[in-house]
Every structure is written in C-alpha cells, then in structure tokens.
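S.K.: Sequence and predicted structure are below.
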Amino acid sequence: MRIGVVTFPGSLDDGDARRAVRVAGAEPVALWHGDADLRGVDAVVLPGGFSYGDYLRCGAIARFAPVMGEVVRAAGQGLPVLGICNGFQILCEAHLLPGALIRNDVRRFVCKDQRLRIESSATAWTAGYSDGQEIVVPLKNGEGGFVASDAVLDELEGEGRVVARYLGDNPNGSYRDIAGIASADGRVVGLMPHPEHAVETLTGPSTDGLPFFTSVLTSLVAA
C-alpha cells in the first residue's frame, strides 16, 4: 500500500508522518503542494505544521493548493484522507469536514502528552481501536479549538462521527471536548492531536498512535 503525505510550505510534521506510514508497514509517498498529482496513492495524510505561515486563517491558503483540488476530488470518490492538526484545519477549510478550528481559549500554544478517548472505531483510520479505548498521544497547537453550530455538533454526535474526545482538562476549548471528527462515510478524518508522534517507544509517550496508520491499511485490504 502507498500512502501519500503532502508537504506544504511551512509543514513541520511531514517527515514524521512518512515515518509513521513506514512503521505501519506501508510505503510513504511524498506529495508536493504545487503538483495536482496524487501519484496513484491509496490514501493521503495532510500533516501538521503551519502551512503558508498560517496567514489569514490556519489552512485557509493551503486549501487552494493545486494538490488539494485532487485530494477533494479523490475524497469524493472514497479515498481515505487523514488530516492531523494543521491538516485538520485544511480539511475544514476545504469543506471536507464541517466546523472550524480557532485560537485556543487559553490564548497560548499548548504542547503536552494528551489523554484521548476513541469514540468511534467505525472509520477507515480508527478501525484498529475499540470504542471507548483510552490512549495518550502528543498535542501541540495554538489554534486547536474545534467549533461548530449546535446543529452541526448534534449531527456529528448523532451520526457517530466524533472520532476522539479529550479526557481530563480540555486543552484548547474545543466544543464538547472534541479532538477529532469524521466524514459521513468515515473515510475522511481530522484529528488535532498527533498520532504520528506516538508510533515508537523510543520517541513517543506510547505507541498508541500507530493504529491510526495500520487501521487504514486494513480498511484498504478489506475494500
């Protein structure tokens, strides 16, 4: 399996995401923001960082990158897409996911190991977890507060599309402690914490993030 990882100007975690893909047993494929070509990959990861310097709004410029036109088109045809941190922001700006990410309510950058509860294993990226499973992965963001209207939040909750929720103190003011959400078909997932930093005991607080990457491989085989 080949999983593409997009690099935008200002991406920080593209290398880490490619390593996570490799650790999971797939072939990472570097994708460039300026190329409208997904190179035949089986899934795509939009990594964390500060694409285009986070000018205007986080992800607001990246959503117009040539590669994103192909990502949106392919996602509409069922391509699995995972957006991590800045990638989550880009997915919302591209309207692949609802809601928006705004400045943390604590008005400062937050960097910590974060406890999460997996709320749904019914997505291409979380099938390797159990519903209700608690994990620990790093979190690092300045604009990580997920917001949406009550109607959208109720829809996400009612359809089982809340993927992960913060446990303990809410680190950024996200409505209903939401840390990640999914599209209606479960193929597109946005997550504010960083599972790619928790795939090896040498460098992470755990290996709790690895199932995000192995899950999609299982999903692709099953498809």
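M.R.: Nice, I can see it.
S.K.: quick one: the helices in this protein?
M.R.: Applying DSSP state H to the chain gives helices spanning 14-24, 66-76, 86-93, 150-158, 210-222.
S.K.: Show me the one of the ones you listed that comes nearest residue 187.
M.R.: helix 66-76 (6.8 Å; C-beta to C-beta). No exception for glycine: its C-beta is placed from N, CA and C like everyone else's.
S.K.: sorry, back to before: most tightly surrounded among the helices of the chain?
M.R.: Neighbour counts (mean count of other C-beta atoms under 10 Å) averaged over each of the helices of the chain peak at helix 86-93, with a mean of 28.
S.K.: Now that one - C-alpha only, PDB.
M.R.: Extracted in PDB, the C-alpha atoms of helix 86-93 (Å, rounded to 0.1, in the frame of the first residue of the first chain):
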ATOM      1  CA  ASN A  86      -2.900  21.800  10.500                       C
ATOM      2  CA  GLY A  87      -4.200  19.100   8.200                       C
ATOM      3  CA  PHE A  88      -7.500  19.000  10.200                       C
ATOM      4  CA  GLN A  89      -7.700  22.800   9.700                       C
ATOM      5  CA  ILE A  90      -7.200  22.400   6.000                       C
ATOM      6  CA  LEU A  91      -9.900  19.700   5.800                       C
ATOM      7  CA  CYS A  92     -12.300  22.100   7.400                       C
ATOM      8  CA  GLU A  93     -11.300  25.000   5.100                       C
END
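S.K.: quick revisit: reformat the helices of the chain as JSON lines; add distance to residue 6 and mean pLDDT.
M.R.: Formatted as JSON lines, the helices of the chain follow (distance: least, C-beta to C-beta, whole Å; pLDDT from 0 to 100):
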{"stretch": "helix 14-24", "distance to residue 6": "7", "mean pLDDT": "98"}
{"stretch": "helix 66-76", "distance to residue 6": "6", "mean pLDDT": "98"}
{"stretch": "helix 86-93", "distance to residue 6": "8", "mean pLDDT": "98"}
{"stretch": "helix 150-158", "distance to residue 6": "25", "mean pLDDT": "98"}
{"stretch": "helix 210-222", "distance to residue 6": "15", "mean pLDDT": "95"}
